[in-house]
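**Q** Here is the input, now give the coordinates:
(one chain, ligands or ions: 3)
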Amino acid sequence: MMSALHRFRYSGISGEKKIMKKLGLIVVVFALLVSIPMIWVETAEAKEVVCFESRKGSSEVTQRKIGEDLLNVKCSPTTGAVLWWGDPFDGTVPMGVMPIDADYTHGEAVVKPRSKKMTLLSICGVACHNGTYPPLPKNKKPRKLTMHKDLVPDSLSLQHGRGGIWCLDCHNAKKRNKFIDNFGGEISFDQPQKLCGKCHGPVYRDWREGIHGKRIGEWASDGKKRWFVCTECHNPHDVQQGARNRGFKQLVPEPAPKLPKGLKNANHERHKTKAGH
Ligand code: HEC
Ligand code: HEC
Ligand code: HEC
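**A** Numbers count the residues shown, from 1 in each chain. Ligands and ions are numbered 1, 2, ... in the order given. Alright, predicted model coming up:
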């Protein structure tokens, strides 16, 4: 480019004008070529809809087309929660081996892998807790932590269990990308039910039979179902949810449905009042 300009500098004013015109055109075409896809990306981004399935901040899905006129999820415009699934099995994997036969053994049981939602999982046992620095903990006594304050603001008053349990009652001290069972064995991040189940027997038994928690998919008892795992609903680091002191962060309720045409209020079943019809 420079040498071309250089050459034309000596070919008189008209020559310079010509090349400037040409260059100008090239610049315009180039700018257009660059900006068209950028504009396209921007509008595509502006339209992106992200909603959560069960726990805000930990179960987000991005709305996308999975077929002609079919979306993976429909999201509530008021609460941002998923209202409907176009494919309840989208992004799921088999539940994996479970130690005891229960309702999930009657049909095909799938789950959404939690490991995909973890930001640190792929590096935690390699980059940090590799046994060198920090050294592997010698015991399970609670101690003040300088890391992970985003997850646990004050490690000396861990909300879960009201001081009764510690990180290493759940996390494997030697292998950080696993949980730990009652016998020192490993539990996958994708099967948190096995971890929670070691202390919450009654709720775990209810969950296994489909009484506690949630399943979506086929109705038939031997059909295919997506089972929601415990951590999709409960925050393991703050199950008490602060002042609320209960195990589940309340969701914003959906607004009441619109009244059918002609009705002034929802009192229409009390025929003695003048409301409704
Ligand atoms: C009751 C069991 C339990 C206790 C106690 C516990 N955790 Fe966890 N922790 C979990 C579970 C379960 C997950 C996976 C969460 C999920 O699926 O959303 C997790 C995830 C994590 C992660 C990974 C987050 C990411 O995005 O990659 C870190 C780091 C962590 N815990 C640190 C701690 C620390 C530090 C403590 C102690 C102060 C602690 N945990 C105490 C159960 C526990
Ligand atoms: C090492 C034992 C242990 C493990 C593992 C464990 N918990 Fe807990 N959890 C407790 C204790 C202890 C309490 C406090 C119970 C109390 O105060 O009555 C508690 C309380 C809770 C509560 C609050 C109950 C309430 O309403 O106050 C929820 C919800 C809960 N745990 C869910 C989970 C989930 C989900 C997991 C798996 C990620 C899990 N727990 C793993 C011991 C455990
Ligand atoms: C679909 C969401 C969902 C899933 C999945 C789920 N829970 Fe819950 N859980 C709840 C709700 C909602 C409550 C009621 C909380 C309240 O009363 O505020 C609750 C309550 C609890 C409590 C407190 C019970 C009590 O009687 O006070 C415990 C403990 C608990 N769950 C553990 C678990 C464990 C362990 C699993 C997995 C095996 C699990 N949950 C799976 C939504 C869920």
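
**Q** Over to Asp238. Which of the three states is it?
**A** The three-state assignment at Asp238 reads coil, by DSSP: H, G, I helix; E, B strand; the rest coil.

**Q** Report the contact partners of the residue lying closest to it once chain neighbours are set aside.
**A** Setting aside the residues directly before and after it, Asp238 is nearest to Gln159 in space (CB to CB, 6 or more residues apart in numbering), at 4.5 Å. C-beta: built from backbone N, CA, C; applies to glycine. Each residue near Gln159 by CB atoms under 8 Å, 6 or more residues apart in numbering is listed here: 237-240, 242.

**Q** Ligand 3: which of these is nearest?
**A** Set against ligand 3, the nearest of the contacts of Gln159 by CB to the nearest ligand atom is Val239 (7.2 Å).

**Q** His160 is in contact with that closest one, correct?
**A** Yes: contact criterion CB atoms under 8 Å: Val239 and His160 qualify, at 4.9 Å.

**Q** what residue ranges in the protein score low on pLDDT?
**A** Low-confidence segments of the chain (pLDDT under 70): 1-46, 242, 244-245, 247, 268, 270-277.

**Q** Strands of that one, start to end?
**A** Taking DSSP state E as the test, the strands found in the chain are 50-52, 60-62, 65-67, 70-71, 73-75, 82-85, 93-94, 108-111, 179-180, 186-187, 215-217, 224-227.

**Q** Same list (those) but as a markdown table, adding mean neighbour count.
**A** As requested, the strands of the chain are exported to a markdown table (neighbours: other CB atoms under 10 Å):
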| stretch | mean neighbour count |
| --- | --- |
| strand 50-52 | 17 |
| strand 60-62 | 14 |
| strand 65-67 | 11 |
| strand 70-71 | 12 |
| strand 73-75 | 19 |
| strand 82-85 | 16 |
| strand 93-94 | 12 |
| strand 108-111 | 20 |
| strand 179-180 | 20 |
| strand 186-187 | 16 |
| strand 215-217 | 17 |
| strand 224-227 | 22 |
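
**Q** what's the burial count for Phe183?
**A** Counted with other CB atoms under 10 Å, residues neighbouring Phe183 total 6.

**Q** swap in the one 10 residues further on?
**A** Neighbourhood size, Gln193 [other CB under 10 Å]: 24.

**Q** Same check on the one 5 residues further on?
**A** By the criterion of other CB under 10 Å, Lys198 has 16 neighbours.

**Q** So what does it have for phi and psi?
**A** The phi and psi values for Lys198, taken as degrees, to the nearest 10, are phi -70, psi -20.

**Q** Now for it: which residues touch it?
**A** Applying CB under 8 Å, 6+ apart, the residues contacting Lys198 are 181-182.

**Q** now the one 10 residues further on
**A** Counting by CB under 8 Å, 6+ apart, Arg208 touches 98, 100, 102-104.

**Q** ditto for Leu70
**A** So Leu70 contacts 86-87 (CB under 8 Å, 6+ apart).

**Q** how much space is there between the most centrally placed residue in the chain and Glu218?
**A** Compute the mean C-alpha point of the chain, and by CA atoms, centre = their mean the closest residue is Ser59, 2.6 Å away. Separation of Ser59 from Glu218 (CB to CB, to the nearest Å): 21 Å.

**Q** residues contacting the residue nearest to the centre of the chain?
**A** Shown in contact with Ser59 (CB under 8 Å, 6+ apart): 52-53, 117, 232.

**Q** Pull up the gap between it and ligand 2, please.
**A** 14 Å (CB to the nearest ligand atom, to the nearest Å).

**Q** do the same with Lys175
**A** Taking CB to the nearest ligand atom as the measure, Lys175 falls 17 Å from ligand 2.
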